[in-house]
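Chemist: I'd like to go over a predicted model; first the sequence, then the structure.
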Amino acid sequence: MKQLFNGTKPPPGKRDDIVPKSPGRTDPIYDRRPVTILMTGTIAPPSGMPGTRRSDPRVRQREYLDAFSFYCDIDDKFVDRIIFLENSNISLKEFADHAAATNTKKQINLIRCPSEYLAKMGKGYGEFMMIDYGLRALKNSGVLDEHSKIWKITGRLRLTNVSEMISTSPLSYDLYCDLRYLPFIKDAIGGNSWMELRTFAFNLNFYNSVLENQYERGFVLEKEFFKIVLEQLKQERWKIVPRFRHQPVIEGVSGYSNVSYSSPKYRVKNAIRTAARRLAPSLWV
């Protein structure tokens, strides 16, 4: 493990690139610059938090630790830094101990963030207030710069195909995300006019310019961020890729429904979206 809690600015690397096949090789050389994974955490949600049925701090902490361990084990060529943000004033010693025990070479930043917000404001409000705080702190300390590529992932969940998602992402983007919009079926198979916020990728310049300080816009931020990103797409100022090339494969339990993402309900949704992404990529399912 290179560092814990505080990091230094990573050395300059090559621009994202895939080196063509060279004589004597049968496979492309993977030569992208590794990304940062940003995990968000609320181990002990405020009492009365709407839409939070999975609220036992002991259960949640174990899930965060399991996910943290999973991301620590991702190949360093894909991920070279993990940031874990937590906003319920819980000690992060177990995370520090785990990182030290695994002897990971990844840079590790564990940050306890302010938690002064009312439960009625919702978990999205608290999560993105926490992200704003953590990114500002890391930028001000020189750990991140405006070109840093960051993959935000809801911290209790394991994005099991994260290596594939990273390695097949566009070579250049300001925002790489998944928007959903099907005007005729509306919310029949999930949120519509919706930005997937469990995971998306961005550079810091885009986040600071477009998404920072937007957590007060509404209770369902997936719908509010959809509006923001759709407007930015129309303006064509940023390089936004609004659909993932591969369907995210998520393991864990939904905090909203307390149902496993491996349940039949979620497997059917995942199968529909996987097929649509391959057969009808213009459909934002």
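Modeler: The structure has been received and is ready for your questions.
Chemist: Would you confirm that R245 contacts S167?
Modeler: No: in this structure R245 lies outside contact range of S167 using CB atoms under 8 Å: 10.2 Å. Where you see a C-beta, it was placed from the backbone N, CA and C, and this is true even at glycine.
Chemist: pLDDT weak spots in this structure?
Modeler: 1-31, 184-191 (pLDDT under 70).
Chemist: so where do the strands sit in it?
Modeler: 3-4, 18-19, 29-30, 35-41, 79-86, 107-112, 149-154, 158-159, 175-176, 179-180, 194-195, 199-203, 240-241, 250-251 (DSSP state E).
Chemist: Need the contact partners of the longest one.
Modeler: So that's strand 79-86. 7, 10, 34-43, 64, 68, 71-72, 92, 95, 105-113, 130-131, 133-134, 138, 150-151, 155, 162, 166 (CB atoms under 8 Å, 6 or more residues apart in numbering).
Chemist: what's the offset of it from the middle of its chain?
Modeler: 10 Å (CA atoms, centre = their mean, to the nearest Å).
Chemist: Does S148 touch N203 like I think?
Modeler: Yes: using CB under 8 Å, S148 is in contact with N203, at 6.4 Å.
Chemist: Distance-wise, check I240 relative to M49.
Modeler: 31 Å (CB to CB, to the nearest Å).
Chemist: quick revisit: please produce TSV containing the strands of the chain, extended by mean neighbour count and distance to R60.
Modeler: Listed next are those as TSV, based on neighbours: other CB atoms under 10 Å; distance: least, CB to CB, whole Å:
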stretch	mean neighbour count	distance to R60
strand 3-4	14	22
strand 18-19	12	38
strand 29-30	12	35
strand 35-41	24	8
strand 79-86	23	11
strand 107-112	21	16
strand 149-154	22	12
strand 158-159	22	14
strand 175-176	22	28
strand 179-180	21	27
strand 194-195	21	24
strand 199-203	23	18
strand 240-241	19	32
strand 250-251	17	15
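Chemist: now these in JSON lines, with distance to G142?
Modeler: Converted to JSON lines, these look like this (distance: least, CB to CB, whole Å):
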{"stretch": "strand 3-4", "distance to G142": "13"}
{"stretch": "strand 18-19", "distance to G142": "29"}
{"stretch": "strand 29-30", "distance to G142": "28"}
{"stretch": "strand 35-41", "distance to G142": "14"}
{"stretch": "strand 79-86", "distance to G142": "13"}
{"stretch": "strand 107-112", "distance to G142": "12"}
{"stretch": "strand 149-154", "distance to G142": "16"}
{"stretch": "strand 158-159", "distance to G142": "28"}
{"stretch": "strand 175-176", "distance to G142": "24"}
{"stretch": "strand 179-180", "distance to G142": "33"}
{"stretch": "strand 194-195", "distance to G142": "30"}
{"stretch": "strand 199-203", "distance to G142": "16"}
{"stretch": "strand 240-241", "distance to G142": "27"}
{"stretch": "strand 250-251", "distance to G142": "33"}
